[in-house]
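> here is a sequence together with a model predicted from it:
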Amino acid sequence: MADNKYTNLILNTVIFAVGSFGSKIMMFLLVPLYTDALSTAEYGVATLIADTANMVIPIVTVSMYHGIIRYGLDKATRKSDVFTVAMTLNMIGFGCFILLFPILKLFVFVGEFKSLGDHMLLLYFYVFASSLNSLCGCFVRAKGQVKLYAVDGIFNTLCLVGLNVLFLTVFQWGVVGYVLSTILADTLSVGFLFITADLRRYLRFGHVRKGTYRKMIRFSIPMIPNSIFWWITNLSDRYMITGFLGESANGIYSAAAKLPNLINTIAGIFSQAWQMSAITEYDKNDRRFYGKVFSVYQTVVFLSGGVLIFLTKPIISVWLNEAYYSAWEYVPFLVLSIIFSCFAGYYSSIYMAMKKNVRSMMTTMLGALSNVLFNLLLIPRIGIQGAAIATFISYLVVYLARALDIKKLYRFRDSFGIVMLNMLLLIAESLFLLYFKGNFYIPGTIVMVLLLVVNAPQLLQIMAQFWGIFKRKMLHR
């Protein structure tokens, strides 16, 4: 049974990888299209619209995607009840959001943020389409249809690529084209899932079992402030950069953040599979599973981060438009930020499995507060780099808070010492890249060798696990 835990996790990760990796790489390759078609100021506005929508979506949906995963995987709860509750609350939330239009237009989206007010209609459609797509995707995953979920990721990306090329290069619609292509791609994705997964039969308004609304709302409500705090940690720096330095600076920072998101691509593929395993395989008496998985996970994430920092300059030079070249300076600390964001997300799945969402929210709040504080201190003094450093510190705070808190609830080997050593090596690599006057690739290579030495046991463990699965598959043929 123990082997089945690892096998299921690895197989689900492979399925998500097949479905998602090509899609994510395609999104990475689209960035040069954006930076060619949009000025730094336009790109800053476009990403600000998307970032604002991502802040609003957890509120509109009552963070029901967490409830869908948690109770959709629970055999004691009917799937139709889960989907009906989520969609009903989403419609109610979106209706309330529409009523806020005059307040947002008059009192919030003014001054440096007037561009958001000018694109309010796009913002509303973005929230509506993305929230529906998120809920439908989570439900399909909770049903165990991971292959269909992966296929939908490919379909969504193909739609997005085609629409981006049409709207940005053919029609040259600028900011409107950037946002509208996401809206239409998400809408088509919702239609695809409704047809292929026959989601309509899971909508049974008026036939939801008593108590389902209450338990799903009770589980999901703490995730609303949790999501808002995550949004503050993730994206408040972009609003502060816009406020302090202008939309062009935000455009450069947003472009810089796209490169570290390659790590999020790798980690995100795993996280989707891990979230399912963390819930379905939760066992108070078996702590080894969580510890072994984290040991391997941190190795993959740190090595990916080390490689990305090592190759930052050559990638940026061929990947982005010349106007965005200075973005390379902000990549190293954004890479460190993403790494600890991944670790915080790993612990989040454990909180979810234990139904300890309030504790998860409190740790996220610590990160949000530290992010705002350090942004206010550092951005006026050292500019865009201050935002990158502030984001790294805030994610480190969340990781440390969660690591200490979960040790009290569920003791497992968390590889804390190796994590700290890996972090110091990547900080050294970052400082060499930013400030070393000689050939960076000499000290950079030394750091990469040290990373491989420190993580050698975990790398051997990864190879042994895959070899074991391969042998079992061959024997069953």
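Sure thing, it's come through. Numbers count the residues shown, from 1 in each chain.
> three-state assignment of Gln172?
Secondary structure, DSSP: H, G, I helix; E, B strand; the rest coil: Gln172 is coil.
> list the contacts for it?
Ala37 (Cβ atoms under 8 Å, 6 or more residues apart in numbering). Where C-beta positions appear, they are placed from N, C-alpha and C, glycine not excepted.
> what's the distance between the spatially closest residue to Phe374 that is not a sequence neighbour and Ile232?
Spatially, and ignoring its direct neighbours in sequence, Phe374 is nearest to Ala390 (3.5 Å; Cβ to Cβ, 6 or more residues apart in numbering). Distance check for Ala390 against Ile232: by Cβ to Cβ, to the nearest Å, it reads 11 Å.
> more neighbours: which of these two?
Ala390 (26 against 21; other Cβ atoms under 10 Å).
> is it correct that the residue nearest to Phe374 is in contact with Ser236?
No - using Cβ atoms under 8 Å, Ala390 makes no contact with Ser236, being 9.1 Å away.
> any shared contact partners between those two?
Joint contacts of Ala390 and Ser236 (Cβ under 8 Å, 6+ apart) are Asn371, Asn375.
> got the domain ranges for this protein?
What automatic domain parsing lists as the domains of the chain is 38-221, 224-472.
> so for Phe28, which of those domains sits nearest?
Proximity to Phe28, assessed across those by Cβ to Cβ, is greatest for domain 224-472 (6.2 Å).
> pull the distance from the closest one to the chain's centre.
Distance of domain 224-472 from its chain centroid, counting by Cα atoms, centre = their mean, to the nearest Å, is 11 Å.
> the closest residue to Ala323 other than its chain neighbours: what's it in contact with?
Of all residues not flanking Ala323 in the chain, Thr40 sits nearest, at 5.9 Å (Cβ to Cβ, 6+ apart). By Cβ under 8 Å, 6+ apart, the residues touching Thr40 are Glu247, Ser248, Ala249, Gly251, Ile252, Ala323, Tyr324.
> quick one: the helices in the stretch 351-477 of the chain?
357-382, 384-409, 416-435, 441-454, 456-475 (DSSP state H, counting those that start in this stretch).
> the second one versus helix 357-382: what angle between them?
In this case it means helix 384-409. 160 degrees (axes from the mean of the first three to the mean of the last three Cα atoms, to 10 degrees).
> let the chain start at 401 from now.
Done: numbering now begins at 401, and the last item shifts to helix 784-809.
> just for the stretch 751-877 of the chain, where's the confidence low?
Within the stretch 751-877 of the chain, the stretches with pLDDT under 70 are 810-812, 865-877.
> shaky segments in the protein?
Residues of the chain that meet the cut-off, pLDDT under 70, sit at 401-427, 507-513, 668-687, 689, 810-812, 865-877.
> quick revisit: quick one: residues contacting the residue nearest to Phe774.
Asp637, Ser770, Asn771, Phe774, Asn775, Leu777, Leu778, Ile779.
> and which of those residues is nearest to Pro502?
Among the contacts of Ala790, and counting by Cβ to Cβ, the member closest to Pro502 is Asp637, at 28.6 Å.
> make sure the closest one is actually in contact with Asn775.
Yes - when contacts are counted by Cβ under 8 Å, Asp637 is listed as touching Asn775 (5.3 Å).
> overlap of the contact sets of those two?
Ala787, Ala790.
> these two: which is more packed in?
Set Asp637 next to Asn775 and count neighbours by other Cβ under 10 Å: Asp637 wins out with 29 against 25.
> which non-adjacent residue is nearest the more buried one?
That would be Ala787: by Cβ to Cβ, 6+ apart, it lies 3.8 Å from Asp637.
> and what of Leu645?
Nearest one to Leu645, counting by Cβ to Cβ, 6+ apart, is Gly783 at 6.4 Å.
> is that neighbour in contact with Ile652, as I believe?
No - using Cβ under 8 Å, Gly783 makes no contact with Ile652, being 10.3 Å away.
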